[in-house]
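> Just a sequence and a predicted model for now, questions to come.
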Amino acid sequence: MLAFGNTKAQIARADSIKAATYIVRNLSANSKYQDFGTVFYGKDKVVFSSSRRSAGVANKIWKQNNQPFLDLYIGDLHANGEIVKVKPFSSDVNSKYHDAFVAFTPDMKEVYFTSNNYLDGKLKSENIKIFRATINEKGHWTDIVTLPFNSDDYDTGHPALSADGKKLYFVSDMPGTLGDKDIFVVDINNGHYGKPVNLGPTINSPAKEFTPFIDGDVIYFSSNRKGGKGGFDIYMTKLDGSLPKPINLGEPMNSEADDFSFIIDSEKLKGYFSSNRARGVGDDDIYAFEQRTVNPICDQIITGIVKDKVSGLRVQNAFVALIDEQGNQLRKVETKFDGSFYFTVDCARSYTLEITKEDYFGNTVNVTTSNKNGYENNEVIFIEEKEFVVRNGHEMLNVQSINFELNSHEINPSSEQTLERVVKLMKKYPEMVIEFGAHTDARGGDAYNLNLTKGRARATVDYLLRKGISPKRLTGKGYGETQILNKCVNGVKCTELEHSVNKRTEFVVIKK
């Protein structure tokens, strides 16, 4: 998961990557107190933390900043980015002490949140912990439980979930922390939690890391590490550690103050972050932003299946080339046994997929990627098999060789589908005349091989006659080993693969 030992060249390349450009603005929803920590609640709402005074909330004062303890609030998203109709989120969770930083599961049936010793209702210490609650049909939070890796000896907070809800990211100073506070990840499996894993020195620093947000394979977070603009700055990097150092988002996202709690809707390229920068409304304020250029480390994948246009069956061993906007071939892969292929591509780019396979007509498909990081573009692409091909100097039907039982002219049942395709082509082209030819390799006696192929030619012609093909349009001939295609004649030692080239059947077109 982590990358170590980056070269000077890799670090130099990382330094050359510039963040996207943004425009930001303060919101009228901010109060004179603390407002921060936004998280999307469905498509049209936002939940955030605030120490504002509100009816129905305890408004107990925290002595460290002489403001009410933090509680959760919810508001509607306006088209212009404003958060409107703000109200306390729920009395189910707003306690007498701090409640902040929430993360909802993709199905909106569970929520993770940060609080001070929520379960006993008493503030025994300043340590914060992560709790999980179930959201019932009426929207109430029930069955609130503490997570197994919480402790009175250290903090756990700032939960963030992966898009599939299978990984929980959080901040802690638990044992194994590299700096002051680090970002950890833990796997979730049907309500069970794995062992917390530190994201390592590629992401964490000797300073403090806060407020992770996961966008596909990119993590955004805040840190007060050296080299920032001042206070906490917002950074982004790849979760797999492939970048040797995180990218600072720069101005106007970062300032000389604390900037944190970044979230983005990567389809709309809009989001929110929090800051206590100068000229704000209150203590910490929520800011809306629009991303104006493409995230430089945003990527997506193109996955697809190549299928036969007539049969609908998946086609293996087809070649798929990825072409960029300038016509350059970036990569070329071969479809697997199930007809599948896979490419990693950049966001907000146009590509062409060129599909080729021997004895098939080619096909091209255009794919334009969106701005959504980690999005999977799924394509089903059909290619049509050619009816006629030219092989060995002859035009012939594009069908597989007929299989026979060993040392016999009895047709193997596996070839019935091939013969049915021959019948269809004969009926499609009623004037067409063909000759069926059967061939062997050079092993075995010459006379034996000749007689064997004559019998196989007779059996194949008889099969087609029984299917209604006129005898005037069909002849058969056994060639034995008289038309060897390579060096493998009598007395020459060859591999099994080389011999197999000569064991074949052909439907040669005499008249179309």
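Noted; the coordinates are in hand.
> quick one: the strands in the stretch 301-450 of the chain?
319-323, 329-334, 340-346, 350-356, 363-368, 376-383, 388-391, 394-397, 433-439 (DSSP state E, counting those that start in this stretch).
> looking at these, which is buried most?
With neighbours taken as mean count of other C-beta atoms under 10 Å, those reach their highest mean count in strand 433-439, at a mean of 22. Quick note: C-beta positions are derived from backbone N, CA and C, even for glycine.
> what packs against it?
Other elements packing on strand 433-439 under the criterion 3 or more C-beta pairs under 8 Å, 6 or more residues apart in numbering; DSSP states H and E are helix 446-466, strand 474-480, strand 504-511.
> Kindly reformat these as a markdown table containing mean pLDDT and mean neighbour count.
Shown next, in a markdown table, are the helices and strands packed on strand 433-439 (pLDDT from 0 to 100; neighbours: other C-beta atoms under 10 Å):
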| stretch | mean pLDDT | mean neighbour count |
| --- | --- | --- |
| helix 446-466 | 96 | 17 |
| strand 474-480 | 96 | 19 |
| strand 504-511 | 95 | 18 |
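> Nearest to Pro159, out of those?
Nearest of the helices and strands packed on strand 433-439 to Pro159, taken as C-beta to C-beta: strand 504-511 at 64.4 Å.
> Could you check the pLDDT of the residue nearest the centre of the chain?
The chain has Glu376 as the residue nearest its centroid, 4.6 Å off, counting by C-alpha atoms, centre = their mean. We have a pLDDT of 93 for Glu376.
> Quickly list what it is bridged to.
Beta bridges link Glu376 to Ile301 when assigned by DSSP bridges.
> Could you check how far it is from Pro106?
15 Å (C-beta to C-beta, to the nearest Å).
> and what of Lys195?
23 Å.
> So for these two, which residue has more residues nearby?
Ranked by neighbour count (other C-beta atoms under 10 Å), Lys195 and Pro106 place Pro106 first, with 12 against 9.
> Give me the helix or strand of the protein that scores worst on average pLDDT.
In the chain, no helix or strand scores lower on mean pLDDT, DSSP states H and E than strand 61-62, which sits at a mean of 42.
> Give me the domain ranges for the chain.
The record's domain parsing of the chain by automatic domain parsing lists 8-291, 299-383, 388-511.
> Pick the most deeply packed of the ones you listed.
When you average the neighbours per residue for each of the domains of the chain (mean count of other C-beta under 10 Å), domain 8-291 leads with a mean of 18.
> which one of the helices and strands packed on strand 433-439 lies closest to His78?
Using C-beta to C-beta, the nearest of the helices and strands packed on strand 433-439 to His78 is strand 504-511, at 69.2 Å.
> And the contacts of that closest one?
388, 391-392, 394-397, 399, 401-402, 422, 431-439, 456, 460, 475 (C-beta atoms under 8 Å, 6 or more residues apart in numbering).
> pLDDT below threshold where in this structure?
Residue ranges of the chain with pLDDT under 70: 1-16, 53-69, 90-100, 117-126.
> if we can go back for a sec, dump the residue contacts of the residue nearest to the centre of the chain.
Gln300, Ile301, Thr303.
> Endpoints of stretch 227-240, how far apart?
23 Å (C-alpha to C-alpha, to the nearest Å).
> For that stretch, report the contacting residues that lie outside it.
The contact list for stretch 227-240 (C-beta under 8 Å, 6+ apart) reads 1, 3, 19, 199, 202-203, 208, 210, 214, 217-225, 243, 245-251, 253-260, 262, 273, 276, 295, 297.
> Tell me how far it lies from the chain's centre.
On the basis of C-alpha atoms, centre = their mean, to the nearest Å, stretch 227-240 sits 24 Å off its chain's mean C-alpha point.
> and if you look at stretch 136-150?
That offset, for stretch 136-150, works out to 30 Å (C-alpha atoms, centre = their mean).
> can you tell me the helix or strand for Leu497?
Applying DSSP states H and E as the criterion places Leu497 in helix 496-500.
> Contacts for that helix, please.
By C-beta under 8 Å, 6+ apart, helix 496-500 touches Asp441, Ala442, Arg443, Asn486, Lys487, Cys488.
> and if we set it to 10 Å?
Applying C-beta atoms under 10 Å, 6 or more residues apart in numbering, the contact partners of helix 496-500 are Ser401, Thr440, Asp441, Ala442, Arg443, Ile484, Leu485, Asn486, Lys487, Cys488, Val492, Cys494.
> Specify which member of the residues you listed is nearest to Ile381.
Ser401 (27.1 Å).
> The closest one and Lys503, how far apart?
Distance from Ser401 to Lys503, counting by C-beta to C-beta: 8 Å.
> So for the two, which residues contact both of them?
Residues touching both Ser401 and Lys503 by C-beta under 10 Å, 6+ apart: Ala438, His439.
> Settle this for me: Val168 is touching Pro148, isn't it.
Quick fix: residue 168 is Leu, not Val. No. Using C-beta atoms under 10 Å as the test, Leu168 is too far from Pro148 to be in contact (11.6 Å).
> Now list whatever residues contact both of these two.
With C-beta under 10 Å, 6+ apart as the test, Leu168 and Pro148 both reach Val186, Tyr193, Pro196.
> From those residues, pick the one nearest His140.
Closest approach between those and His140, by C-beta to C-beta: Tyr193, at 24.0 Å.
> ok, now which ones touch the closest one?
Counting by C-beta under 10 Å, 6+ apart, the residues that Tyr193 touches are Arg132, Leu147, Pro148, Phe149, Leu168, Val186, Asp187.
> Look up how far Ser275 lies from it.
From Tyr193 across to Ser275, the span is 32 Å (C-beta to C-beta).
> Would you mind measuring from the residue located most distally from the centre of the chain to Tyr220?
Distance from the centre of the chain peaks at Ala447, with 60.1 Å (C-alpha atoms, centre = their mean). Using C-beta to C-beta, Ala447 is found at 79 Å from Tyr220.
> now do Met236
Separation of Met236 from Tyr220 (C-beta to C-beta): 5 Å.
> if I look at the two, which residues touch both of them?
Common contacts of Met236 and Tyr220, defined by C-beta under 10 Å, 6+ apart, comprise Phe213, Pro246, Ile247, Leu249, Phe262, Ile264, Asn295.
> Distance to Gly468 and secondary structure added to those residues, as JSON lines?
Output for the shared contacts of Met236 and Tyr220, formatted as JSON lines (distance: C-beta to C-beta, whole Å; DSSP: H, G, I helix; E, B strand; the rest coil):
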{"residue": "Phe213", "distance to Gly468": "68", "secondary structure": "strand"}
{"residue": "Pro246", "distance to Gly468": "72", "secondary structure": "coil"}
{"residue": "Ile247", "distance to Gly468": "70", "secondary structure": "strand"}
{"residue": "Leu249", "distance to Gly468": "73", "secondary structure": "coil"}
{"residue": "Phe262", "distance to Gly468": "72", "secondary structure": "strand"}
{"residue": "Ile264", "distance to Gly468": "66", "secondary structure": "strand"}
{"residue": "Asn295", "distance to Gly468": "63", "secondary structure": "coil"}
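> which one of those sits closest to Gln326?
Asn295 (21.5 Å).
> Wait, that closest one touches Asp217, no?
No. Using C-beta under 10 Å as the test, Asn295 is too far from Asp217 to be in contact (11.4 Å).
> Can you pull the residues that touch both of these two?
With C-beta under 10 Å, 6+ apart, Asn295 and Asp217 have common neighbours Asn373.
> ok, which stretches of the stretch 1-150 of the chain are strands?
According to DSSP E, counting those that start in this stretch, the strands that the stretch 1-150 of the chain contains are 22-26, 35-41, 45-50, 61-62, 67-68, 71-77, 83-88, 99-104, 110-115, 129-135, 141-146.
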